[in-house]
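**Q** Attaching a predicted model along with its sequence, questions to come.
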Amino acid sequence: MDILHSVNDFNEAKQVIVGGVNSPVRAFGNVGGTPRFIARGEGSYLYDVDGNRYLDFVQSWGPLIFGHVDPQIKQASIEAICNGMSFGAPTELETTLAKEIIALYDGVEKIRLVSSGTEATMSAIRLARAYSGKDDIIKFDGCYHGHSDSLLVSAGSGCATFGSPSSPGVPEDFSKHTLVARYNDISSLRSCFESGSVGCVIIEPIAGNMGLVPADIGFIKALREMCDEFGAVLIFDEVMSGFRASLRGAQSYYDVIPDMVTFGKVIGGGMPLAAFGGKDEIMKLLSPVGSVYQAGTLSGNPVAVSAGLMSVCKLKQDQDLYKRLENLALMLMNGFRLEAQKYGIAMQTCVRGSMFGYFFSPIEVKNFDDAKASDTKIFAKFHQKMLAKGVYLAPSAFEAGFVCATMNEEEIEWAIAKCGEALEEIVYE
């Protein structure tokens, strides 16, 4: 596979863009090799600047549930652009999209649109602290909620102490209010509650940033009970899983209603859009009704809202879509696992709706410690070989993958065959 133009583009980008990329994982630092510079996408596929085609299981990290350049989403975006790209004023479309989201998610009574998942989680936490009147928050090791200061915190000793900054530039005074618990560990969670004055807990109920690792039902129920016991606001971060794992996100898997939810990705249809929402009694503290300040020049951007609204409406119209996508994801992961078994390689797989994940590990992955114990060296080799064969997988062992509506069984079978070829090459190298 010729990638000369990507190599040259990457070298040129590094002269003017930090690391040559505008989001770190794109640099392929975890898997090695040269990131592909993309010229265009179409349906299930990406095409790089050298003309190579890839079956795309990243789908812009989740937003493109209908694949690249969906005709209806494209048309909705074009029509919006023709009317104006940005107004800095309210539009009817914002209200329509808000109504669609509220109608599908229990516990979400009011909503605020923003431009990124980081904005959504940061704002939700600020609002939750104001409502609870307490400063400490609990997050879970391995869950990623954006790059705001309070959330760039690593686990302390035993995952039950106040965390420490995981990035330079984050003051200790910020991180001291963040406690880090172990995912799917009820005792660790209770230890955190008993260690501080906890105002809110934020969690990916279906974690997609340590690979795909869903929370156990018993764990989520215990989390809800402890938040009620200690007077803490429960925030479900569904930036990734919202409208991806199901039409109702994690709420289709857990009979638990959070106090607040954050959204992103699919609700923008490929455009920069996110949101946070929750109970009216919490949301009414937000400016301009309340005193908790949050603002954004491009919040509710009409082009992004138009793309997102069309995406959500298409999801509602196709009653069988999520089952079809889940079947494709299960077919892919079962195929990967059988190929791995054939060559004596331990692999764990997981599927939630249109999301999938796999680890080169002999044990089921339940938390970030388990994920980090997986064989990332084999993962890197596997990624490089699959990419060279035309299969575009997430360039990190700690990211979820995605199928899209334009994919079919023939494409999945082809990807499984390439998996077998890649694993055979790894074994006999």
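**A** Arrived safely, thanks for sending.
**Q** contacts, neighbours, all on C-alpha from now
**A** Will do.
**Q** thought R182 was touching D141?
**A** Yes - assessed by CA atoms under 8 Å, R182 is found in contact with D141 at 5.6 Å.
**Q** Just the pLDDT at R182, thanks.
**A** As summarised for this prediction, R182 has a pLDDT of 94.
**Q** Just give the number of residues close to it.
**A** A count of nearby residues for R182, using other CA atoms under 10 Å, gives 23.
**Q** Please report phi then psi for it.
**A** Dihedral pair for R182: phi -90, psi 130, per degrees, to the nearest 10.
**Q** That one and I138: what is the separation?
**A** Shown here: R182 relative to I138, a distance of 10 Å by CA to CA, to the nearest Å.
**Q** Let me know the secondary structure of V261.
**A** strand (DSSP: H, G, I helix; E, B strand; the rest coil).
**Q** In contact with it, which residues?
**A** With contacts defined as CA atoms under 8 Å, 6 or more residues apart in numbering, V261 is in contact with V108, I235, F236, D237, E238, F276, G277, G278.
**Q** Kindly report the same for L328.
**A** Each residue near L328 by CA under 8 Å, 6+ apart is listed here: V403, M407, N408, E409, I412.
**Q** any idea how far it is from L151?
**A** L328 sits 34 Å away from L151, going by CA to CA.
**Q** now do G211
**A** 18 Å.
**Q** who touches I257 in this structure?
**A** With CA under 8 Å, 6+ apart as the criterion, the residues that contact I257 are D106, G107, Q251.
**Q** Show the pLDDT at it.
**A** 97.
**Q** Number the chain from 39, please
**A** Yes, from this point I'll number from 39; that puts the last item at I295.
**Q** How about the secondary structure of it?
**A** coil.
**Q** And the strands in the stretch 39-188 of the chain?
**A** With strands called from DSSP state E, counting those that start in this stretch, the stretch 39-188 of the chain shows them at 76-80, 83-86, 91-94, 148-152, 174-178.
**Q** Looking at those, spot the one closest to K456.
**A** Of all the strands of the stretch 39-188 of the chain, it is strand 91-94 that lies closest to K456, at 11.1 Å by CA to CA.
**Q** who's in contact with the closest one?
**A** The set of residues that contact strand 91-94 without belonging to it, under CA under 8 Å, 6+ apart, is S82, Y83, L84, Y85, L425, G428, V429, Y430, L431, E449, A453.
**Q** With pLDDT added, can I get the residues you listed in a markdown table?
**A** Written out in a markdown table, the entries for these read as follows (pLDDT from 0 to 100):
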| residue | pLDDT |
| --- | --- |
| S82 | 98 |
| Y83 | 98 |
| L84 | 98 |
| Y85 | 98 |
| L425 | 98 |
| G428 | 98 |
| V429 | 98 |
| Y430 | 98 |
| L431 | 98 |
| E449 | 98 |
| A453 | 98 |
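**Q** Reformat the residues you listed as TSV; add distance to Q379.
**A** What follows is the contacts of strand 91-94, written out as TSV (distance: CA to CA, whole Å):
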residue	distance to Q379
S82	27
Y83	28
L84	30
Y85	32
L425	21
G428	23
V429	20
Y430	22
L431	20
E449	21
A453	16
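**Q** Mind checking which of those residues are buried?
**A** Buried members of the contacts of strand 91-94, scored by 16 or more other CA atoms under 10 Å, are S82, Y83, L84, Y85, L425, G428, V429, Y430, L431, A453.
**Q** Same list (these) but as JSON lines, adding distance to N339.
**A** Conversion of the buried ones among the contacts of strand 91-94 to JSON lines gives the following (distance: CA to CA, whole Å):
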{"residue": "S82", "distance to N339": "27"}
{"residue": "Y83", "distance to N339": "27"}
{"residue": "L84", "distance to N339": "26"}
{"residue": "Y85", "distance to N339": "28"}
{"residue": "L425", "distance to N339": "35"}
{"residue": "G428", "distance to N339": "35"}
{"residue": "V429", "distance to N339": "34"}
{"residue": "Y430", "distance to N339": "30"}
{"residue": "L431", "distance to N339": "30"}
{"residue": "A453", "distance to N339": "37"}
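**Q** Now, those residues that are in helices?
**A** When helices are assigned by DSSP state H, the members of these inside them are L425, A453.
**Q** mind listing the helices for the protein?
**A** Using DSSP H, the helices found in the chain span residues 42-54, 109-121, 130-142, 155-170, 210-213, 224-233, 255-268, 318-321, 340-355, 359-380, 406-410, 414-426, 447-465.
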